[in-house]
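Enquirer: here is my input; please provide its structure:
(4 chains)
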Protein chains: 4
Amino acid sequence: MNKLLKIAVIGGGSSYTPEIIEGFIKRANELPVKEIWLVDIKEGEEKLNIVGKLAQRMIEKAKLDTKVFLTLNRREALKDADFVITQFRVGGLEARLRDEEFPLKYGVIGQETTGPGGFAKALRTIPVILDICKDIEELAPRAWLINFTNPAGIITETISKYTKVKTIGLCNVPITMEMTISKLLEVDKKDIFVEFIGLNHLVWGKRVLLRGEDITERIIKTMLDGSQLNMKNIPDLKWDREFVKNLGMIPCPYHRYYYMSDLLLKEQQSSLSQKGKGSRAQQVMEIEKKLFEIYKDENLDEKPKELEKRGGAYYSDAAVSLISAIYNDKKEIHVVNVKNNGTISFLPDDAIIETNCVVGNNGAVPLIFGDVPKEIVGLINQVKIYESLAIEAGVTGDKDKAVMALVNHPLVLSVEKARKLVDELLNINKQYLPQFK
Amino acid sequence: MNKLLKIAVIGGGSSYTPEIIEGFIKRANELPVKEIWLVDIKEGEEKLNIVGKLAQRMIEKAKLDTKVFLTLNRREALKDADFVITQFRVGGLEARLRDEEFPLKYGVIGQETTGPGGFAKALRTIPVILDICKDIEELAPRAWLINFTNPAGIITETISKYTKVKTIGLCNVPITMEMTISKLLEVDKKDIFVEFIGLNHLVWGKRVLLRGEDITERIIKTMLDGSQLNMKNIPDLKWDREFVKNLGMIPCPYHRYYYMSDLLLKEQQSSLSQKGKGSRAQQVMEIEKKLFEIYKDENLDEKPKELEKRGGAYYSDAAVSLISAIYNDKKEIHVVNVKNNGTISFLPDDAIIETNCVVGNNGAVPLIFGDVPKEIVGLINQVKIYESLAIEAGVTGDKDKAVMALVNHPLVLSVEKARKLVDELLNINKQYLPQFK
Amino acid sequence: MNKLLKIAVIGGGSSYTPEIIEGFIKRANELPVKEIWLVDIKEGEEKLNIVGKLAQRMIEKAKLDTKVFLTLNRREALKDADFVITQFRVGGLEARLRDEEFPLKYGVIGQETTGPGGFAKALRTIPVILDICKDIEELAPRAWLINFTNPAGIITETISKYTKVKTIGLCNVPITMEMTISKLLEVDKKDIFVEFIGLNHLVWGKRVLLRGEDITERIIKTMLDGSQLNMKNIPDLKWDREFVKNLGMIPCPYHRYYYMSDLLLKEQQSSLSQKGKGSRAQQVMEIEKKLFEIYKDENLDEKPKELEKRGGAYYSDAAVSLISAIYNDKKEIHVVNVKNNGTISFLPDDAIIETNCVVGNNGAVPLIFGDVPKEIVGLINQVKIYESLAIEAGVTGDKDKAVMALVNHPLVLSVEKARKLVDELLNINKQYLPQFK
Amino acid sequence: MNKLLKIAVIGGGSSYTPEIIEGFIKRANELPVKEIWLVDIKEGEEKLNIVGKLAQRMIEKAKLDTKVFLTLNRREALKDADFVITQFRVGGLEARLRDEEFPLKYGVIGQETTGPGGFAKALRTIPVILDICKDIEELAPRAWLINFTNPAGIITETISKYTKVKTIGLCNVPITMEMTISKLLEVDKKDIFVEFIGLNHLVWGKRVLLRGEDITERIIKTMLDGSQLNMKNIPDLKWDREFVKNLGMIPCPYHRYYYMSDLLLKEQQSSLSQKGKGSRAQQVMEIEKKLFEIYKDENLDEKPKELEKRGGAYYSDAAVSLISAIYNDKKEIHVVNVKNNGTISFLPDDAIIETNCVVGNNGAVPLIFGDVPKEIVGLINQVKIYESLAIEAGVTGDKDKAVMALVNHPLVLSVEKARKLVDELLNINKQYLPQFK
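Expert: A predicted model of the protein is given here:
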């Protein structure tokens, strides 16, 4: 148990890194980390240096024995690692900007993880993650890979189907929903329990329990005016309360892309035409620029408050907490992305789903809450079919599979549209899609 | 075996009736029909008289012992019937016209069996069919109900879930596809066998066999330019041949509403604005008017050729052929709407599906061809969930269920749109929707 | 359609061959057979010559153009065959005699297809059938293999899982049950329809329909005194009528081995000790000896009546009738052994089951009758698990798998017994079990 | 959280009660128990007084505020209880003695929870537990019922299917297996994790993890000589190590009744004839007599060591620990009997299974470990079918169902035997089987 740990962070130059470092500092008493390796690619070298030095100053201030290494050599970083965290973004924010814009031309929502935008991101990411996993299989076969990289469901399923790497996919949507609910009730997060069921970015809170009592209906009545159950990157549209009452479950913020697709599309189309407002990617670029200016300050030795604006709250902290649950065999419940194995009876065993799991040194084991309500079975099924075909397209580079994947996406559902979208995304992303050559 | 048969035709005043009569005349040697009761409602009395007299002239010409009765008294018609055929249309063609138009306001396809239009038709039909079934349970408990009435999947499922009436749902889509394929190959229909799987108006030809040899790929290559695989009521849009090749199955004409929804919508919107072209309902009204003028001719004593323009080809003949298969225990293969019972593993046992069945005196028993290809699992699931919720809404008159049903329809997928569509359809159909009061 | 057919009969020297020949003669107008190749192994040469010459005399008498070839060269016989019939018995009746005796030492029933005896037969047969199939794949890849060889379920499943050969497994139990029932009712076999569900030699008549009317209860009441529903090779024990009434289904004769295992065991143990009575194998040896004496008679040119004593009635005729259904694409219902594909929801798709199928030029497609009653789910499951493990043991020659297979057999259910039975059967069959070396 | 608790113990006069009391004393800091009501029937009054007074002395010694009440009035005891523990035995040890003996006459193992003996116990217990549950529904609708009463799987399933009472079934087999394994490895129980899957008294340790590492194979190699993995009431027969290695899972002690049924039967038959040795029930009677002598000692104020000989070790302590996990919402993993809900994919959702669950204030939620190995699917299925039919027989008092249940039990599998066993058990238990009148 007193093995000293080596952590590798792929995409270590990300603006999120200070939160990860803070997570390890906070848990220094339970996680004996000897080395943290921040690794990035050549194009990210400058950022890596800025954020990496901040990380070193943070560790120094905390008077820990941990050493922080900065490197462009991924294999060196992975060698004998105990935990690997992936938070890279292939193509950077420029690619995200394109993901958010190109679908709009064809009357489809532009979003970085959902719809054709998320599909483009998946296709760019799949070859890279498979490459990383090949290295892990060789250099750190016992390591756990905590996957942040979006679309987290698709990427985690790719790892699970095509590699031997032990992985858990992580998203901040469930934890954000729990935090929101506990704030609303003015209770400690430990007093509530939310039964989550669904897929990444398509997860429902099936039941909310307050000290064992089912309060789902009450939550639905009081919290659904949008501002309370949302995330920074999703427009703040109000829910149709009658609908949600009838649904009987708490939708996640991303469900707006399905249940309010037409409204969101209009909103996106109008903000595109309005100069100055810009897409979420553009806003993030601004924030990032400012953040790195702040990070450069040699007197800064803690995570700056400004990082919170960036979105992705709780994310990195959740990752470190997950690492601790594994390392210390806590048998603690986390909501993560994990192999289905029969949890959702109508999905294949090897599909990745998002649900409550017991996490310990044997990984994440799903809890089973019984039947999925009919009202959401169709959507879960359709989206998972899309994801499964998206993975096949991403791994094989088969353009016909790519079209078939988008035809199966509920927001596309048109062969002509799917073909045009695929043509365009292959074109604008071609430098990142070696598999399609 | 030599029991003489009583047949009741509900909606007997329909322009289709001469084809049914012809069907019985053609099969007089195998179906000893003593009485055919054509029954209609007060509003249809005139048509009933016109078409009923033609029917009598046809039977007379054929020199059969069969007697044709015309009545407005449904219970009299049903009493001790051996077979009941339902071909009524609640609200008539005026209601169909509305079904085809109101969804267009909200950017959704207007169609009489698919989408919000088909949903409105289902809601109008459910109370009536349940009422008819109550009579059958009482007056003719051993009768078989051959259900034509659209949306045939939903109506047959309603009968099967909520009544004790023995029923088989019938649609002319599969037989039309088989006829088209055999014409294209210039072979007898008996030499080909198409494995059908799916739902009513959402059925795929999974494999086509020519004398036992799988020729699916060949069919896909040669026949998919639209004109060959279509029906009168669906715009003749060409298929994306690469897509269908990749799908590896023959879509039915109605699949255009899912795979080409955007193109069809544009087409519908433009024809609505172009005077003179009109919706399908308007065209049909014209045809009907002319047909009934022809039927009035007292010298006419056979099914006039003009009926073929009406669409619904093969329909009535298929019904009589089905009746003969049951009566004579033929154990013949027909493609009908039947209880799933595990045929499609991911649907409930009590869902109605459309597939090849062996038909004999114990009804229709499905054949099982193995796994449904992943590419269509999502769509089948989503549409069946919609259908199942539509039935619940139609039976209970619960408006929230109605909204939930449309939210689950792949062509709607928006709570706001669903609510507006439900509001409007309840309003414009209110005289036919007693259950929603 | 007017292709002339080549038939190969493996185990052509069997005493059953005259019935096959008669089957082809009776169907000469629908099956244009050019050549029948009777093939056997060196040890069976004498019998092959005797029965082969009788076959030739029968064909001559019928004045057909068909030529009957006798050969020891299996590859020559298989080359370009259209249908292959397998009716061989590895180790001959001597092996059957051992199969019927060795389990008795350990207090387990001795039977040639059920229990440890059937298991031994399966292990002997698997290497041979795989060898034959390799030849068919090479020399007659389009041929249909009609498999008679017992245990028919296990052997058909082996072919289906480990080769590319198109196969249908055939057993005379269902047809015998249908014949018995129609005789009892004094109706034509065409007027009844029995829904069969289960496995080979473990098949239940779930419902019996007389012209569409469910008469299962009536059949149960009137026919269950044993003499009426039995087969030559199974002791004639009477059924517990209350039990069968409560079961609500017609058991097959072989169910006695499960539902009356203790009584049958006692009966077997006492007949073993009584000289003169002997096992079924010994009786069959006597019959066979006499039959071949009769066959030798050069004046005999038809199937002798004495063959009926042999058991296996309807068997060969059913095989030829099946061949005709395939060749003529009859879409006729036969009860055969076929891939499950979801028909029995709780068994794997690739398990072989015995049920009603539509047979045509695309092979046998199962009908689906809905849920299997709970009362038989456990037994079907347990026996299929045994069969599946038996196949693995037979293919791999893994002794541990063999023990595990018998531990899973409901008649053994003891590790110690299973191990002793496996030790003995491997020992007494060692010349026929190359895979265990 | 600071609600003071009322506990009701049905069968409070049991010799196990001191362990329950000790459990509450040990957990006094986490479980604020105000009242413990020990309730028993008239026939148990003497024992209740003896053990009840010991309980009071134990509480007094521990200086707790808890009050211990003794009563014959069950309704008074249940009124507003927070937790109910059931540990009664209908018919007492005399009935157990009969359960262990009568099956032997028919060549079937005699055991109090498995086979016909367990079946008799189930039939006696079902009417009583349903009666208790009716009281709980009325008097303490929010109470949790911790069910000890054997056969625990059947009784818990009866409660779950036929009442609204919240229940968890508890057995000491899994915890005993965990204790044995951790002792063998000389590690703390917290360092190992056993994935359990199966039914009550038919549960396998699918995998054993030592600090996250799979050591199942190692455990199988080292521990299977019987003495180490056994329980007091099961003869200590050695496992066939090759078999268990091939099985790849740890069988529970009760599996001997299936995998070594013949050996155990011989052992039982010989001990029956050997005077002095006696059945387990007789031994237990002796122990009980001595225990109550000890309990009477007014100086005794703690659980005496002699109780350990009684068997059922860890049982009562596990119950109190379970109560604490619920009350304190610990989200702790316990191995209990719980609704399947899809955990074992081939069993009905409402079947009770035994597996690892997360226990908190919402009860027990199963973890899902993926596929059940084929080698045990048949046995689990067959036994669960038996259990399900046993429940139907116990609830309805339908003798035919009772026969059908035993026919489906792997140890009976004979209609004749089943009928004789049912006749006898109904006869010798008639005073306890009001439902069969």
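
Enquirer: how about the stretch 101-250 of chain A: which residue is closest to chain D?
Expert: Closest to chain D within the stretch 101-250 of chain A is residue A:212: 2.8 Å, counting by Cβ to the nearest Cβ. Backbone N, C-alpha and C define where each C-beta goes, glycine included.

Enquirer: Provide the backbone phi and psi angles at the closest residue to that residue other than its chain neighbours.
Expert: In space, and not counting its chain neighbours, residue A:212 is closest to residue D:361: 2.8 Å by Cβ to Cβ, 6 or more residues apart in numbering or on different chains. When read as degrees, to the nearest 10, the backbone of residue D:361 gives phi -70, psi -10.

Enquirer: got a list of what residue D:361 touches?
Expert: Going by Cβ atoms under 8 Å, 6 or more residues apart in numbering or on different chains, residue D:361 touches A:209, A:211-212, D:326-327, D:329.

Enquirer: and those, which are buried?
Expert: Buried subset of those (neighbour count, 16 or more other Cβ atoms under 10 Å in any protein chain shown): A:209, D:326-327, D:329.

Enquirer: wasn't residue A:7 part of a strand?
Expert: Yes. Counting by DSSP: H, G, I helix; E, B strand; the rest coil, residue A:7 is part of a strand.

Enquirer: that one: what's it in contact with?
Expert: The contact partners of residue A:7, taken as Cβ under 8 Å, 6+ apart, are A:24, A:33, A:35-37, A:81-85, A:323.

Enquirer: what parts of the stretch 101-250 of chain A come near chain D?
Expert: Residues of the stretch 101-250 of chain A lying close to chain D by Cβ under 8 Å from any Cβ of the partner chain are A:193, A:209, A:211-212.

Enquirer: redo those residues as CSV? Include distance to residue B:4, secondary structure and pLDDT.
Expert: Compiled in CSV, these are given as follows (distance: Cβ to Cβ, whole Å; DSSP: H, G, I helix; E, B strand; the rest coil; pLDDT from 0 to 100):
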residue, distance to residue B:4, secondary structure, pLDDT
A:193, 68, strand, 96
A:209, 66, strand, 95
A:211, 72, coil, 89
A:212, 68, coil, 88
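
Enquirer: what is the nearest of these to chain B?
Expert: Closest to chain B, out of all of these and judged by Cβ to the nearest Cβ, is residue A:209, at 24.5 Å.

Enquirer: isn't that closest one right up against residue A:192?
Expert: Yes. Counting by Cβ atoms under 8 Å, residue A:209 does reach residue A:192; the two are 6.6 Å apart.

Enquirer: which residues in chain A form strands?
Expert: A:5-10, A:33-39, A:67-71, A:83-86, A:144-147, A:166-169, A:192-199, A:202-210, A:213-214, A:332-339, A:352-360, A:363-366 (DSSP state E).

Enquirer: what residue lies at the spatial centre of chain A?
Expert: The C-alpha lying nearest the average C-alpha coordinate of chain A belongs to residue A:171 (Cα atoms, centre = their mean; 4.1 Å).

Enquirer: pLDDT score assigned to that one?
Expert: Per-residue confidence (pLDDT) for residue A:171: 93.

Enquirer: domain map for chain A?
Expert: For chain A, automatic domain parsing gives the domain ranges A:5-169, A:381-436.

Enquirer: can you redo those as TSV with distance to residue C:9?
Expert: Listed next are those as TSV, based on distance: least, Cβ to Cβ, whole Å:
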stretch	distance to residue C:9
domain A:5-169	47
domain A:381-436	46
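
Enquirer: spatially nearest residue to residue A:421, not counting backbone neighbours?
Expert: Using Cβ to Cβ, 6+ apart, the nearest residue to residue A:421 is residue A:116, at 4.6 Å.

Enquirer: how about residue A:43?
Expert: residue A:92 (7.5 Å).

Enquirer: kindly report the same for residue A:343.
Expert: residue A:366 (4.4 Å).

Enquirer: what's opposite the one you found in the beta bridge?
Expert: residue A:357 (DSSP bridges).

Enquirer: so it touches residue A:352, yeah?
Expert: No. Using Cβ under 8 Å, residue A:366 makes no contact with residue A:352, being 10.8 Å away.

Enquirer: overlap in contacts, those two.
Expert: Residues touching both residue A:366 and residue A:352 (Cβ under 8 Å, 6+ apart): A:338, A:340.

Enquirer: chain C versus the residue of the stretch 51-200 of chain A found nearest chain B, what's the distance?
Expert: Closest approach between the stretch 51-200 of chain A and chain B, counting by Cβ to the nearest Cβ: residue A:107, at 7.5 Å. For residue A:107, the distance to chain C (Cβ to the nearest Cβ, to the nearest Å) stands at 39 Å.

Enquirer: please name the nearest non-neighbouring residue to that residue.
Expert: residue A:265 (7.0 Å).

Enquirer: what residues are up against the one you found?
Expert: Per Cβ under 8 Å, 6+ apart, neighbours of residue A:265: A:104, A:107-109.

Enquirer: rerun at 10 Å
Expert: A:103-104, A:107-110, A:257, A:411, B:414 (Cβ atoms under 10 Å, 6 or more residues apart in numbering or on different chains).

Enquirer: isn't residue A:131 up against residue A:74?
Expert: Yes. With contact defined as Cβ atoms under 10 Å, residue A:131 counts as touching residue A:74 (8.9 Å).

Enquirer: thinking again about what came up before, compare residue A:366 and residue A:352 (neighbour count), which wins?
Expert: residue A:352 (30 against 25; other Cβ atoms under 10 Å in any protein chain shown).

Enquirer: neighbours of the residue nearest to that one when sequence neighbours are not counted, just the number please.
Expert: Among residues not flanking residue A:352 along the chain, residue A:157 sits closest, at 3.9 Å (Cβ to Cβ, 6+ apart). By the criterion of other Cβ under 10 Å, residue A:157 has 28 neighbours.

Enquirer: repeat that for residue A:255.
Expert: So residue A:255, with other Cβ under 10 Å, has 25 neighbours.
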